[in-house]
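>>> Pasting the sequence and the predicted coordinates here, then a few questions.
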Amino acid sequence: MTAEATSRREGPGFWIARLATRIAGGDLDRLVRLPSHAGEDGSAALGPHDVALAGENGGGIIATVGLGGDPGFRDGFGPKGRLFGTLVRVSHSGDVRVIADLAAYEAAVNPAGDIVDSNPFGLLRREERTIVTDAGGNSLLGVTDGGRVSTIAMFPSRLVPFGGDMIPMHAVPTSVVRGPDGAFYVGQLTGFPFPVGGARVYRVERGEEPEVFARGFTNIIDIAFHRGKLYVLEIAHNGLLSPEPFGALVRVNADGSKTVLFDDLLSPGGFAFAGRDTVLVTNCGVCPGGGEVLKLRV
């Protein structure tokens, strides 16, 4: 099926992360500019990854700001570099406050025991607590609004074939949602060599090892449950090493089979349901000046 761009939006609004922008009625309302770093041509940008309404206790929004390295990597970015690798709260007036320094937590605790690398990515709000995936640290973290960080789960590397050998591949968890059963579900991008079909969705219960819930995906960037079914967004349907930058939206059916709903998305970054059969997808988020929001029927 073919995805078409649209500026229409029903309902109160749709939040996207790069500039903490609210889209309502086709208009853009930029609340705050958060830092990002990229190549000289603006490509491969990394910065704000996910947002959620903060709810009570001050309102505003909660956002993850990525890093992609250890805390020392921030030193070269000046004063605003301190926001990289953190979970922040943005007030209605645009003021930014750091809730927790997740890069510092990775350096101090290093839950997965790998090299120190933090890249806070997906988040899920639960009352006065935020659940965060650290894609660099290969961990799932819980953060209270008071800034206390704890490890909920770790995602170990696994061996995969590449070049005639077996090499370790990092998990790289990117997204977290709460399932119909109350458990956490986490999608993984996977690290190099980004094998086609190598990404999984894990089910996580506190105090237990993550278990595989669904497999056979490629480079998962976001997941969601809708009307009891799991939907998975792949940033690269043919793998990140493929020259074709097309992503896909996939539905997992009740019998475990998969239906590819759209496979012509361009490096999609996230999605949200806006009704019974309507989904909004951020498309071409890695394209300098070319990002868009698609309204799709599923």
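Yep, it's here. Numbers count the residues shown, from 1 in each chain.
>>> just checking, what's the longest strand in this protein?
In the chain, with assignment by DSSP state E, the single longest strand is strand 258-266.
>>> For it, enumerate the helices and strands it packs against.
Applying 3 or more Cβ pairs under 8 Å, 6 or more residues apart in numbering; DSSP states H and E, one finds that strand 258-266 contacts strand 246-252, strand 278-283, strand 292-297. (C-beta placed from N, C-alpha, C; glycine too.)
>>> neighbouring strands for that strand, and are they parallel or not?
Applying DSSP bridges, strand 258-266 is found paired with strand 246-252 (antiparallel).
>>> buried set for the partner strand?
Buried residues in strand 246-252, defined by neighbour count with 16 or more other Cβ atoms under 10 Å: 246-250, 252.
>>> Looking at those residues, which is nearest residue 237?
residue 248 (4.0 Å; Cβ to Cβ).
>>> got the contact list for the closest one?
233-234, 237, 260-263, 265 (Cβ atoms under 8 Å, 6 or more residues apart in numbering).
>>> Show me just the buried residues among those.
Buried by 16+ other Cβ under 10 Å: 233-234, 237, 261-263, 265, out of those.
>>> Which member of those is positioned nearest residue 159?
The closest of the buried ones among the contacts of residue 248 to residue 159 turns out to be residue 234 (Cβ to Cβ; 22.3 Å).
>>> was I right about the closest one contacting residue 217?
Yes: with contact defined as Cβ atoms under 8 Å, residue 234 counts as touching residue 217 (6.0 Å).
>>> can you list residues touching both of those two?
Shared contacts of residue 234 and residue 217 (Cβ under 8 Å, 6+ apart): 199, 250.
>>> So for residue 145, which of the helices and strands packed on strand 258-266 sits nearest?
Closest approach to residue 145 among these is made by strand 278-283 (26.5 Å; Cβ to Cβ).
>>> Sheet partners, orientation included, of the closest one?
Using DSSP bridges, strand 278-283 pairs in its sheet with strand 270-273 (antiparallel), strand 292-297 (antiparallel).
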